[in-house]
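In: heads up, no residue letters with this:
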């Protein structure tokens, strides 16, 4: 009886630092675990990491322009197919895996109309003809942190201009980059150049601009993430209107910026001010600033950009432990397979090992503490 067939990960959310041109990539690291209390026959045990995308939009009410791509694929074969079945004796089996992902990968994109970019791991244990194969999947989230310079990211962005010789205005936001769920501080300063002009209404609009590309075909879409309307009077101090506000970046409705040749995502913060001159004519002033929304999973700080690993901790130079490679013999015992413990003490271990130690003790994520599924649901 199989009690557990599961993919464990050191991290199921990975971060690429910088643009596709400057990112050095990231590392996917984990372990495939099998627990069985009875001998089990297997043709092959295989793990696949795959990234796929779909770019699509509607042409009217009938047809759809669509393209699917495989962005990246890597396979691990832990038990290779052979003439006779592999026989796995009762015990705990652990297969370690590690993959260096390039910095040019497109980050995960979801909830983008009919388009998406997704990554996942899928493991399969193939069994004899009349026995049910075992399958398990794990979703991988790939984020991209576009902030390559901490100090530039903290600079305010200011737009200075005049409008039809009626007003001068200054539109500014508190920084250049923001994370999902952040709030954008906004300041608008307007100085009238003529008499008899008054502000009637003020709107603050946060827009998401999406560009879909399939070959030479392009479709653009503008999504209003949020809008704030204010018809109350704006303070008039020293012959100047000053309006301070803030705009939320809701993670539930907003995507991070993305620069790629399939799905491009950009953001703009726009304001609209409606004026009335001498209680007669109405005029509308509109201006916008580009806002970069990054999917950095943690707070922005200098250590994230300025701290480099030491040579001793550079994991790409580690030697491969040949003892961790499973044998292709017909009878395989749990003791010979990757030196995994005969009990599941590692499941209850909440402390991550160091890079210098074996990664076979990678703990389960919070979701993995749930009891293992029944055999028929695997």
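Out: Looks like it arrived, so ask away. Being a predicted model, the structure only gives us computed values, none of them experimental.
In: can you pull the buried residues of stretch 163-171?
Out: 163, 167, 169, 171 (16 or more other CB atoms under 10 Å). The C-beta positions use only the backbone N, C-alpha and C, and glycine is treated the same way.
In: Which of the residues you listed scores worst on pLDDT?
Out: For the buried residues of stretch 163-171, the model is least confident at residue 163; its pLDDT is 90.
In: Phi first, then psi, for that one.
Out: Phi and psi for residue 163, reported as degrees, to the nearest 10, are phi -130, psi 110.
In: Which segments of the chain make up each domain?
Out: 2-147+303-377, 150-294 (automatic domain parsing).
In: ranking those domains by mean pLDDT, which is last?
Out: With a mean of 75, domain 2-147+303-377 has the lowest mean pLDDT of the domains of the chain.
In: Could you count how many residues lie near the residue nearest to residue 240 when sequence neighbours are not counted?
Out: The shortest distance from residue 240 to any non-neighbouring residue, by CB to CB, 6 or more residues apart in numbering, is to residue 191 (4.9 Å). Neighbour count for residue 191, taken as other CB atoms under 10 Å: 14.
In: helix or strand for residue 191, which one?
Out: strand 183-192 (DSSP states H and E).
In: do residue 292 as well
Out: Counting by DSSP H and E, residue 292 is part of strand 281-294.
In: Parallel or antiparallel, list what pairs with that strand.
Out: In the sheet, strand 281-294 lines up against strand 177-179 (parallel), strand 263-277 (antiparallel) (DSSP bridges).
In: now, of those strands, which is deepest in the fold?
Out: strand 177-179 (a mean of 22; mean count of other CB atoms under 10 Å).
In: rewinding a little: please state the offset of the next helix-or-strand element following the strand holding residue 191 from the chain centre?
Out: Going down the chain from strand 183-192, the next helix or strand is strand 197-214, by DSSP H and E. On the basis of CA atoms, centre = their mean, to the nearest Å, strand 197-214 sits 25 Å off its chain's mean C-alpha point.
In: what angle separates strand 197-214 from strand 281-294?
Out: 40 degrees (axes from the mean of the first three to the mean of the last three CA atoms, to 10 degrees).
In: Now the helix or strand just after strand 197-214: buried residues?
Out: Going down the chain from strand 197-214, the next helix or strand is strand 217-230, by DSSP H and E. By neighbour count on 16+ other CB under 10 Å, the buried set for strand 217-230 is 219, 223, 225, 226.
In: Report the strands that pair with the helix or strand just after strand 217-230, each with its relative direction.
Out: Sequence order places strand 236-237 as the next helix or strand after strand 217-230, per DSSP H and E. Next to strand 236-237 in the sheet, as set by DSSP bridges, lie strand 240-248 (antiparallel).
In: show me what contacts residue 133?
Out: 124, 125, 126, 127 (CB atoms under 8 Å, 6 or more residues apart in numbering).
In: Give me the nearest residue to the most centrally placed residue in the chain, chain neighbours excluded.
Out: For the chain, the residue nearest the mean C-alpha position is residue 143 (3.0 Å; CA atoms, centre = their mean). Distances taken as CB to CB, 6+ apart put residue 295 closest to residue 143, at 4.0 Å, once the chain neighbours are dropped.
In: Now do the same contact list for that neighbour.
Out: 15, 107, 143, 144, 145, 179, 180, 256 are the contacts of residue 295 under CB under 8 Å, 6+ apart.
In: So what does it have for phi and psi?
Out: phi -100, psi 30.
In: Now stretch 114-132: buried residues?
Out: For stretch 114-132, burial by neighbour count (16+ other CB under 10 Å) applies to 115, 116, 117, 118, 119, 121, 123, 124, 125, 126, 127.
In: and which of those residues is nearest residue 288?
Out: Nearest to residue 288 among those is residue 115, at 24.2 Å by CB to CB.
In: For the closest one, list each beta-bridge partner.
Out: With DSSP bridges as the rule, residue 115 is bridged to residue 112.
In: wait, isn't it in contact with residue 64?
Out: No. The criterion here is CB atoms under 8 Å, and residue 115 misses it with residue 64 at 11.2 Å.
In: Overlap in contacts, these two.
Out: 56, 57.
In: Walking through the stretch 1-150 of the chain, point out its strands one by one.
Out: Secondary structure of the stretch 1-150 of the chain (DSSP state E, counting those that start in this stretch): strands at 2-9, 13-17, 26-36, 40-42, 44-59, 63-79, 86-88, 91-101, 109-112, 115-126, 134-145.
In: What are the buried residues along the third one?
Out: This points to strand 26-36. Quick answer for strand 26-36 (16+ other CB under 10 Å): 26, 28, 29, 30, 31, 32, 33, 34, 35, 36.
In: could you check the angle strand 13-17 makes with it?
Out: Using the same axes, to 10 degrees, strand 26-36 lies at 160 degrees relative to strand 13-17.
In: now strand 26-36: how far from the chain's centre is it?
Out: On CA atoms, centre = their mean, the centre of strand 26-36 falls 21 Å from the chain's centre.
In: With stretch 22-37 instead?
Out: 17 Å.
In: Which residues are in contact with residue 20?
Out: Contacts of residue 20 (CB under 8 Å, 6+ apart): 103, 104, 105, 259, 260.
In: Now the buried members of those residues.
Out: So, by 16+ other CB under 10 Å, the buried ones in those are 103, 105, 260.
In: residues near the nearest residue to the last one once chain neighbours are set aside, how many?
Out: Ranked by CB to CB, 6+ apart and with sequence neighbours excluded, the top spatial neighbour of residue 260 is residue 106, at 4.7 Å. Residue 106 has 22 neighbours, counted by other CB under 10 Å.
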